[in-house]
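**Student:** What follows is a predicted structure for the sequence shown.
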Amino acid sequence: MGELKVDKHVQYILSVEKKKDSFEALVMEHLRMNGAYWGLTTLDLLQNVASVDQEEVISWLMSCWDRESGGFAGAIGLDPHLLYTLSAVQILALLNRLDVLDIEMISEYVAGLQNEDGSFSGDMWGEIDTRFSYCAICCLSILRRMDKINLGKAVNYILSCKNLDGGFGATPGGESHAGQIFCCVGALSITGSLHHVDRDLLGWWLCERQCTDGGLNGRPEKLADVCYSWWVLSSLIMIDRVHWIDKSKLTEYILNCQDSENGGISDRPDNAVDVFHTYFGVAGLSLMEYPGLKPIDPAYALPIDVVNRIFFSKF
Ligand SMILES: COc1ccc(S(=O)(=O)N2Cc3cc(C#N)ccc3N(Cc3cncn3C)C[C@H]2Cc2ccccc2)cc1
Ligand SMILES: [Zn+2]
């Protein structure tokens, strides 16, 4: 408990980056690009992103770029997908190296995944999910190429996934889930369409996610989990209802999920730590303005100074 063990978490992230042959590394190999985004963004929030060899990261990242399609794969030699294309663009924005990208090819790849109904497929195999609407909109916004898609249809498709409880599902009629709500609210926020959201109805569903232990869950009756500190909290902030939860109890819950010895944060107290929950725990604390952390943007899931640089630079 107590306070955030910053140096321990920095050491943990750097050790995972180095441990290439661990079980965890093998399990996560197919989404190494996601893992790189989680690790690097955590280091930046902890004001330690200078501790990695950025040139090495960028050359590995570019070796995951499929120049045929214009998309990024989760690891070298795998098929491109929207999930990894967003992570790659977020990493390059973080490192202030968007200049290495063929922006036209990447934005054509993303736009090419929009369907007639405004929805997005994750890749050429066609799976449709509001997660992919978020990936497409966030990625094109960072690249300043939102003009490449039909924005009206994209927003209408997301709204077609709104439920009577004020939440959002993966597809029309899909059950409300905190992860999908983050994706839909984030995409609506980036496109300036939050006026379509019933803030009190959705805010109520979201604040009901706080459990007696202070943590947040993803659906009614589920156990609290640190990663929901991001999915629920960022959504509450975007709709200006964050005061409806107890931030100090949530902060306590996240700090309780730290491994004080070896660093890292787990999904719930005394479980195994991983990069995913370390990132979402630190990002959740950042959303609650925890001292010493860089503030993070709830919609772009990038430090605010990075978002400002993207939109207020001459680039
Ligand atoms: C440990 O078993 C798993 C199970 C699934 C996965 S996964 O499908 O690759 N993936 C990413 C993920 C990464 C790590 C790490 N390091 C740990 C978990 C986790 N989950 C599972 C999870 C998180 N909270 C509770 N649960 C059960 C989310 C999932 C889906 C997801 C992918 C990208 C972005 C957001 C969410 C990986 C490991
Ligand atoms: Zn989790």
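**Tutor:** Cool, got the structure. Ligands and ions are numbered 1, 2, ... in the order given.

**Student:** Contact residues of the stretch 201-315 of the chain facing ligand 2?
**Tutor:** Residues of the stretch 201-315 of the chain lying close to ligand 2 (C-beta under 5 Å from the ion) are D225, C227, D267. The way it works is simple: take the backbone N, C-alpha and C, and place the C-beta from them, glycine included.

**Student:** taking the residues you listed one by one, which sit in helices?
**Tutor:** Among these, no member is found in helices (DSSP state H).

**Student:** Spell out which residues of this structure are next to ligand 1.
**Tutor:** M28, L31, N34, D225, C227, D267, D274, V275, F276 (C-beta under 6 Å from any ligand atom).

**Student:** can you give me how far stretch 166-183 is from the chain middle?
**Tutor:** 16 Å (C-alpha atoms, centre = their mean, to the nearest Å).

**Student:** Hmm, I typed the wrong one, I wanted stretch 283-292.
**Tutor:** 15 Å.

**Student:** What of stretch 39-49?
**Tutor:** Taking mean C-alpha positions (C-alpha atoms, centre = their mean), stretch 39-49 and its chain are 14 Å apart.

**Student:** List the buried residues for it?
**Tutor:** G39, L40, T41, T42, L43, D44, L45, L46, N48, V49 (16 or more other C-beta atoms under 10 Å).

**Student:** And the residue found closest to the fourth one once you drop the neighbours it is linked to in the chain, what's its pLDDT?
**Tutor:** Using C-beta to C-beta, 6 or more residues apart in numbering and skipping residues adjacent in sequence, the residue nearest T42 is Y279, 4.6 Å away. pLDDT for Y279: 98.

**Student:** can you check D21 too?
**Tutor:** 68.

**Student:** residue ranges of the strands in the stretch 151-300 of the chain, please?
**Tutor:** 265-266, 273-274 (DSSP state E, counting those that start in this stretch).

**Student:** With D66 as the reference, name the closest of those strands.
**Tutor:** D66 lies closest to strand 273-274 among those, at 27.4 Å (C-beta to C-beta).

**Student:** which residues touch that closest one?
**Tutor:** Y12, E24, Q258, D259, N262, G263, G264, I265, S266 (C-beta atoms under 8 Å, 6 or more residues apart in numbering).

**Student:** For the buried residues of stretch 39-49, could you give me TSV that also reports distance to H195, secondary structure and pLDDT?
**Tutor:** Formatted as TSV, the buried residues of stretch 39-49 follow (distance: C-beta to C-beta, whole Å; DSSP: H, G, I helix; E, B strand; the rest coil; pLDDT from 0 to 100):
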residue	distance to H195	secondary structure	pLDDT
G39	36	helix	96
L40	34	helix	97
T41	29	helix	98
T42	33	helix	98
L43	36	helix	98
D44	32	helix	98
L45	30	helix	98
L46	35	coil	98
N48	39	coil	95
V49	36	helix	92
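
**Student:** can the residues you listed go into TSV with extra columns for distance to F182?
**Tutor:** Formatted as TSV, those follow (distance: C-beta to C-beta, whole Å):
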residue	distance to F182
G39	20
L40	20
T41	15
T42	18
L43	22
D44	20
L45	18
L46	22
N48	26
V49	24
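
**Student:** which one of the residues you listed sits closest to I190?
**Tutor:** Nearest to I190 among the buried residues of stretch 39-49, with distances taken as C-beta to C-beta, is T41, at 17.5 Å.
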